[in-house]
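Engineer: Kindly generate the corresponding structure for this input.
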Amino acid sequence: MDDSSDCASIRNICILAHVDHGKTTLADHLIASCGGGVLHPKQAGRLRFMDYLDEEQRRAITMKSSSIGLQFKGHSINLIDSPGHMDFCSEVSTASRLSDGGLVLVDAVEGVHIQTHAVLRQAWIEKLTPCLVLNKIDRLICELKLSPMEAYNRLQRIVHEVNGIVSTYKSQKYLSDVDSILAGPAGESNDENQEFIEDDEEVTFQPQKGNVVFVCALDGWGFGICEFAEFYASKLGASSASLQKALWGPRYFIPKTKMIVGKKGLAAGSKARPMFVQFVLEPLWQVYEAALETNGNKGILEKLIKSFNLSVPNRELQNKDPKLVLQSVMSRWLPLSDAILSMVVKHMPDPITAQSFRVSRLLPKREILDSAIGNSDVIAEAELVRKSVEACDSRSESPCVAFVSKMFAVPMKMLPQRDVNGDLFNNQTEEGGNGDSDECFLAFARVFSGILRSGQKIFVLSALYDPLKTGESVQKHIQEAELHSLYLMMGQGLKPVAAATAGNVVAIRGLGHHILKSATLSSTKNCWPFSSMTFQVSPTLKVAIEPSDPVDMAALMKGLRLLNRADPFVEVSVSARGEHVLAAAGEVHLERCIKDLKERFAKVNLEISPPLVSFRETIEGDTSNPLDKLKSFIGSSNVIERTTPNGRCTVRVYILKLPDALTKLLDESSDLLEDIIAGKAIQLKSSVGAQDDDHPVEALRKRIWDAIESEVSDLNAEKDKDRAEKYKLLWENLLKRIWALGPRQVGPNMLILPDSSTTITGSSVLIRSSPYVSERLGFTEVSISDELASEASEIRSLNEEAKSLRSSVLSGFQVATAAGPLCDEPMWGLAFVVEAAIFPFVSESEAIHQQAQAEQYGVFSGQVMTAVKEACKAAVLQKNPRIVEGMYFCELNTPTEYLGPMYAVLARRRARILKEEMQEGSPLFTVHAYVPVAESFGFADELRRWTSGASSALLVLSHWEALPEDPFFVPKTEEEKEEFGDGSSVLQNTARKLIDGVRRRKGLPVEEKVVQHATKQRTLARKV
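Structural biologist: Just a heads-up that it's a prediction; the model follows:
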């Protein structure tokens, strides 16, 4: 970590994988070999050194990303172990931001899972260089009893599938992880067709290139193709380079001619096996059979030890447990750490190389507006800082820049007692007078340029900081702090260091009161902040939290503040009802947060509410034919009319349901829409969806139009062509008249201006505006002339009044869409055409009474706003309202004998099965299903209980889906009465139960019978 350390010999890597694919076990073996003696090799794989929290050891899953420094052949490797559980995917984001390369682990038996998609996407977003590690190869031999040829086909298919996922991201198909899984695995092809393993520079993972290794982390062995190429080079009389190319794919060795041929060069009827099977897998299978089978040939092991001069102690060879004998031989013949770390050193970039191509993601180029030309010195220095980051400049005179990806809490007793020089630290006086706390907050950071020293003064920049602006608004985004001390992280241990050069990962003490979750550190004010990190999911599970004893409220508030800082993903807020709401990614994440609150941060007993589930409100969609919307939209029955109490304004509202694809697009593009509508200069390549896209506004406009066209694309019948054209014309017209989006200006609902041809009889005036959103999105030209000028003949004051009431109409729409009529939840996928006409005063006396009316009914602008809000809500109620609920995509793995109980659990949870298929070569079934968020709580526990722990499930938030049931359903026909009952005996349907549950929680009135069963009271005799 000192100045002399060579930047080119540093590697920053993270381990990424699905849960239980062997990340921490792999890390154990790397630490045992190269961690400087902190872990004994015999404990590797069992101790789980990086899982040092009690909760992690108890659950046997990793819950946070932690770093450790390794030394390998003159290289310094910073290894970050990350969680694989979907609830902790935020930790994957923090780990990948600080790394330059990622080891992607895939279980050779289970194959690619949903979190594998997620980590590959994260690596692509953060521009990491990935290497593939196929783990648990021993299970193919011992559990599945595959032959070497079957194992080769399986490994080949996994490599091809992972390559397919990466190429999808490269080709910029912005699928979500759920969509890419539903699209089907890329490697679904027969064994006969598996000729795709040719040398292709575009393919990311190729074993012959050396960036794929095959390992068994538990037994501590692993190999790449290059190891075996070197073994056989002299024996087969070929160069190791040519053998390396031939040892994967359809290449065959002919012993007679000593030639390597492709499939076409084989003689007819030849039983030759691919070279990978013949020279790599078959020897492995022989060693396993010799060691594990009772009548195995023990001579093979002795021959192996002799051939490679392995120093295996006799006591280990004579062990009664054959598994331990095998482990001691294999870990010496093919050491896992050598295979992995030599691949890391060879194929992963050093910080200098990595930062040159990662800088476009870390510090995207900013568009400098003309107004900022005067600050040329600031711009020049900011550009110098960017160039220093790009070059990973580690000179002491270059600007010092670091990025803090998360804050983590460490008990004060765990901090080192002595500094670099051996002097005692003063650990008790925590900065900012926080001496009463047992926790110390450290920043998990990476130095990108310059040298970071303990005791140095540095500027802390938040993501919103702009060096070109001055004044009060910017001051809150920049603070000056002094670094207390720097530590090199060694898992749980911390080793004090005096300074850290560019390219190193460190823990920094002294920023606890300056950073909430992440920030940029810079030695100069004139520096752009790093781009924000991308999280794969959002915190969806919310609970209200309060202390059991009201006296402990202050302790809870302090505990929530500390938890909010310590966890990169948790969200703490206060609801409109005054409750403290904790938002987490899932049940496991929530349990850990509450445990931390109770035992570490607040140290009080807590009361936790049932989960607060969010819903949306919409109207019934025309599932049969979207073109039928034309009739209903144009028809007069669709209009809702409301008049203000003083009678001076009439509001007419038409309502239309947006196509599902358009609603989803508006919801997903909310961040981009916010920038466009606010008129900000869009940062090129700042958002994931617009990476490598120079015109995000044009791209969004095209995607909006594509979403509308997809609604009618399946209607290709001749008779529908004319109606399809009309439908397109209608939307073309509507898209030119978008005034606003809602709720909160960026939601999936539209406020449409009245058609320009709309006229109002009499002397009234329509409240008009310019189609602001349409202009921003480029659907229509920006209009400069005011529409009011064309109505000069009307009363001037009335025009001015109409102009001043625009904001009232807008506010009424925003309030209505933020809280719908069913249960005050936001509206979803609706377009409102609002015609608000104001009338002049009939006489002088009416104008005089205006003041009195204002006192009676409130200000006129408020009356208009209320009328618009009420009209929008009434329009929703009139058009068959529906509740929209969030859906989880659920991936389940179950043994065949437990399929029945698993389906029973899914049926109780209103789940919808999408796909069920047997995993080839294993007794497990993989089932994909959609489970409503409202029904998902306790799902994993119930599933484990009913399947005796044999079934596992993973939930990922997928999409919003309207519940088809009518919440106001009343049986009318004879058939309905026969099926559902009559009068009071009709049971509430699911939609109504969900709505009533939300209304009770919010304190809204609920229609329910107070007396459930009005039978005559019976006096029962008391048995003495």
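Engineer: For the rest of this, base every contact and every neighbour count on C-alpha atoms.
Structural biologist: OK.
Engineer: In this protein, which strand is the longest?
Structural biologist: As assigned by DSSP state E, the longest strand anywhere in the chain is strand 881-895.
Engineer: What pairs with that strand, parallel or antiparallel?
Structural biologist: The pairing partners recorded for strand 881-895 under DSSP bridges are strand 615-619 (antiparallel), strand 924-932 (antiparallel), strand 952-962 (antiparallel).
Engineer: Skip ahead from that strand and say which helix or strand is next.
Structural biologist: helix 899-908 (DSSP states H and E).
Engineer: Contacts for that following helix next, please.
Structural biologist: Residues outside helix 899-908 that contact it (Cα atoms under 8 Å, 6 or more residues apart in numbering) are 894, 912, 931, 942-943, 946-947, 951.
Engineer: if we can go back for a sec, right, so of the strands paired with strand 881-895, which gets closest to Ser710?
Structural biologist: With Cα to Cα as the criterion, Ser710 lies closest to strand 952-962 of these, at 18.2 Å.
Engineer: Touching the closest one from outside, list them.
Structural biologist: Contacts to strand 952-962, defined as Cα under 8 Å, 6+ apart, come from residues 86, 178, 537, 618, 882-894, 940, 943-944.
Engineer: just to revisit the earlier point, make a ChimeraX selection of whichever of the contacts of helix 899-908 turn out to be buried.
Structural biologist: Per 16 or more other Cα atoms under 10 Å, the buried members of these correspond to this ChimeraX selection:
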select :894,931,943,946,947,951
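Engineer: So which of the contacts of helix 899-908 sit within strands?
Structural biologist: Per DSSP E, the contacts of helix 899-908 map to strands at 894, 912, 931.
Engineer: quick one, what contacts the last one?
Structural biologist: Counting by Cα under 8 Å, 6+ apart, Val931 makes contact with 887-890, 906, 909-912.
Engineer: can you put the residues you listed in TSV and add distance to Ile608?
Structural biologist: Below are the contacts of Val931 laid out as TSV (distance: Cα to Cα, whole Å):
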residue	distance to Ile608
Met887	23
Tyr888	23
Phe889	26
Cys890	26
Leu906	26
Arg909	23
Arg910	25
Ala911	26
Arg912	30
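Engineer: From the residues you listed, list the buried ones, please.
Structural biologist: The buried subset of these - by 16+ other Cα under 10 Å - is 887-890, 906, 909, 911.
Engineer: Give the rounded mean pLDDT of stretch 76-87.
Structural biologist: Mean per-residue pLDDT for stretch 76-87: 88.
Engineer: what distance separates it from the centre of its chain?
Structural biologist: Between the centre of stretch 76-87 and the centre of its host chain there is 16 Å, according to Cα atoms, centre = their mean, to the nearest Å.
Engineer: cool, and stretch 864-871?
Structural biologist: 38 Å.
Engineer: hmm, who's touching it?
Structural biologist: So stretch 864-871 is in contact with 640-644, 649, 651-653, 805, 808-813, 815-816, 834, going by Cα under 8 Å, 6+ apart.
Engineer: just to revisit the earlier point, of the buried ones among the contacts of Val931, closest to Ser337?
Structural biologist: Distances from Ser337 to those, taken by Cα to Cα, are shortest for Cys890, at 35.3 Å.
Engineer: returning to that earlier point: so which of the contacts of stretch 864-871 sit within strands?
Structural biologist: Counted as lying in strands by DSSP E, out of those, are 640-643, 649, 651-653, 834.
Engineer: Just grab the bridge partners of Trp960 for me.
Structural biologist: Under the criterion used (DSSP bridges), Trp960 bridges to Gly886.
Engineer: What is the neighbour count of it?
Structural biologist: 19 (other Cα atoms under 10 Å).
Engineer: For the longest strand of the chain, give the mean pLDDT please.
Structural biologist: 90.
Engineer: what does stretch 606-615 give?
Structural biologist: Stretch 606-615 comes out at a mean pLDDT of 89.
Engineer: pull the CA atoms of it into PDB?
Structural biologist: Output in PDB follows, covering the C-alpha atoms of stretch 606-615 (Å, rounded to 0.1, in the frame of the first residue of the first chain):
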ATOM      1  CA  LEU A 606     -39.400  -3.500  18.600                       C
ATOM      2  CA  GLU A 607     -42.900  -3.900  17.300                       C
ATOM      3  CA  ILE A 608     -43.000  -4.800  13.600                       C
ATOM      4  CA  SER A 609     -46.200  -4.300  11.500                       C
ATOM      5  CA  PRO A 610     -47.300  -6.800   8.800                       C
ATOM      6  CA  PRO A 611     -45.700  -5.900   5.500                       C
ATOM      7  CA  LEU A 612     -47.100  -2.800   3.800                       C
ATOM      8  CA  VAL A 613     -47.900  -3.800   0.200                       C
ATOM      9  CA  SER A 614     -48.200  -1.300  -2.600                       C
ATOM     10  CA  PHE A 615     -50.900  -1.600  -5.100                       C
END
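Engineer: Same question for it: list its buried residues.
Structural biologist: 606, 611-615.
Engineer: can you put those in CSV and add secondary structure?
Structural biologist: Converted to CSV, the buried residues of stretch 606-615 look like this (DSSP: H, G, I helix; E, B strand; the rest coil):
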residue, secondary structure
Leu606, strand
Pro611, coil
Leu612, strand
Val613, coil
Ser614, coil
Phe615, strand
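Engineer: tell me the phi and psi of the residue most central in space within the chain?
Structural biologist: Residue closest to the average C-alpha location in the chain (Cα atoms, centre = their mean): Gln536, at 0.8 Å. When read as degrees, to the nearest 10, the backbone of Gln536 gives phi -70, psi -30.
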